[in-house]
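S.K.: Got a sequence here, can you build the structure:
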Amino acid sequence: MRIRLIFVVWPFIKDFKTDTVREMNLPIKLQLSDEFLLPEEICNYKVDTRMKQIWAVELDLLSEFIKVCNVHKLRYYLYAGSMLGAVRHKGVIPWDNDIDVIMPREDYNKLLTIGPKVFEKPYYFQNMATEEGKYIYFYSKLCNSHTTARSEEDYAAGQNCGIFIDIFTLDNLPDGNFARNLHLFRLRTITKMARFCCPHTFPAKQGVVKNVKMHLNHLLYYLMGKPSPESLFCRFNKVAGSYSKKNTKMCADLGFGYHANCTWNREDWKQTKEVPFNTIQAIIPVKYDVILRKQYGDYMQYPPIDQRQCHEYYDFDAETPYKDYFQRKKMNH
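M.R.: This next block holds a predicted model:
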């Protein structure tokens with residue numbers, strides 16, 4: 001009797017779950033099965049429907065990004081935690097809620113030119129050149145304007161605050177130590193100037209020494225004629241890419257402008273292959289093991305359970321445009 005009851009009830013339970021998923025209003029083109037958004041436990045981590053919604057939007061953004069790269073013959077690779085996720089989980093790391101890609105400098109520069117034209121609403125190509133002083137980082141993002149993933153400070157500054165994927169650059173480094181340190185010093189100086197174009201992005205420094213350095217940098221900013229974010233962005237890209245056509249041995253992600261914490265042999269990135277990444281296919285280097293070990297060490301070892309945490313410093317809402325989200329939040333205060 002109990003077995004018969006299960007067979008009778010199960011189709012209704014299944015239909016209820018499917019209908020609940022279909023009611024979700026995700027502004028994406030990517031075709032996903034109804035089951036994709038259902039909560040599940042992966043690697044002893046509970047991935048709820050909210051996280052799955054964020055993944056769905058980010059996978060859709062990645063899919064659109066890949067389409068543009070394929071049409072315009074631009075090279076890219078899954079990067080950092082996304083490369084690790086592709087190798088270890090065949091998709092997003094269960095306790096992660098962002099996607100990163102990286103592009104060789106020449107391909108990235110082409111994307112800077114075509115990006116504002118080829119990505120149509122709700123997709124938005126975001127960087128210092130497109131945001132006019134509201135966004136101050138030296139790497140780009142591809143956002144979905146019909147969603148929310150940013151702080152109230154970012155919204156107040158006028159940024160596009162949609163869920164996004166990060167787009168970094170892989171730049172050649174000069175071979176000699178002196179030339180490399182000078183190269184990084186130039187990028188670090190440009191990065192410091194950027195904080196004065198959009199102060200909300202950088203928290204105030206604590207301590208006498210740090211405050212003195214801040215004031216000196218502020219003075220330098222004025223002596224340089226208060227350069228605009230757009231001019232700094234152009235200058236940064238020119239300096240960062242100054243070795244792109246030179247046959248140097250090493251390369252690095254210089255997206256933050258002031259370090260090259262992890263450097264790789266350029267040859268390690270040349271050969272690529274396509275791998276499954278959740279519901280789509282994406283590109284990683286054939287020598288991913290060398291790249292990931294330099295960045296993470298024993299990357300196949302899971303972190304302790306108490307360290308499996310996602311980025312929760314943003315307001316996330318995969319179904320609500322960020323303008324509506326923050327207006328509603330303001331009214332409820």
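S.K.: Can you list the low-confidence ranges for this structure?
M.R.: The chain contains residues with pLDDT under 70 at 1-24, 197-218, 220-225, 257-259, 311-312.
S.K.: quick check: longest strand of it.
M.R.: strand 163-173 (DSSP state E).
S.K.: List the neighbouring strands of that one plus their orientation.
M.R.: Strand 163-173 has its sheet partners listed here by DSSP bridges as strand 100-104 (parallel), strand 140-144 (antiparallel), strand 250-253 (antiparallel).
S.K.: what residues does the last one touch?
M.R.: By C-beta atoms under 8 Å, 6 or more residues apart in numbering, the surrounding residues in contact with strand 250-253 are 79, 102, 168-173, 175, 260-266, 269. C-beta: built from backbone N, CA, C; applies to glycine.
S.K.: Would you mind writing the PyMOL command to select the buried ones in those?
M.R.: To isolate the buried ones among the contacts of strand 250-253 in PyMOL, judged by 16 or more other C-beta atoms under 10 Å, type:
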select buried, resi 79+102+168+169+170+171+172+173+260+264+266+269
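S.K.: In terms of secondary structure, what does the longest helix anywhere in the chain contact?
M.R.: Scanning the chain for the helix with the most residues, using DSSP state H, yields helix 49-71. If you count contacts as 3 or more C-beta pairs under 8 Å, 6 or more residues apart in numbering; DSSP states H and E, helix 49-71 packs onto helix 105-118, strand 140-144, strand 163-173, strand 280-285.
S.K.: nearest spatial neighbour of Asn44, skipping sequence neighbours?
M.R.: Distances taken as C-beta to C-beta, 6 or more residues apart in numbering place Ile305 nearest to Asn44, at 6.4 Å, with adjacent residues excluded.
S.K.: burial count for the one you found?
M.R.: Ile305 has 10 neighbours, counted by other C-beta atoms under 10 Å.
S.K.: which residues in the chain form helices?
M.R.: Counting by DSSP H, the helices of the chain are 2-22, 49-71, 81-88, 105-118, 128-131, 152-156, 177-194, 208-223, 229-240, 288-296, 322-332.
S.K.: Select, out of those helices, the one closest to Ile280.
M.R.: Proximity to Ile280 (C-beta to C-beta) singles out helix 49-71 among these, at 5.4 Å.
S.K.: Give the buried residues for the closest one.
M.R.: Under 16+ other C-beta under 10 Å, the buried positions of helix 49-71 are 51-66, 68-69.
S.K.: What of stretch 97-117?
M.R.: 97-105, 107-112, 115.
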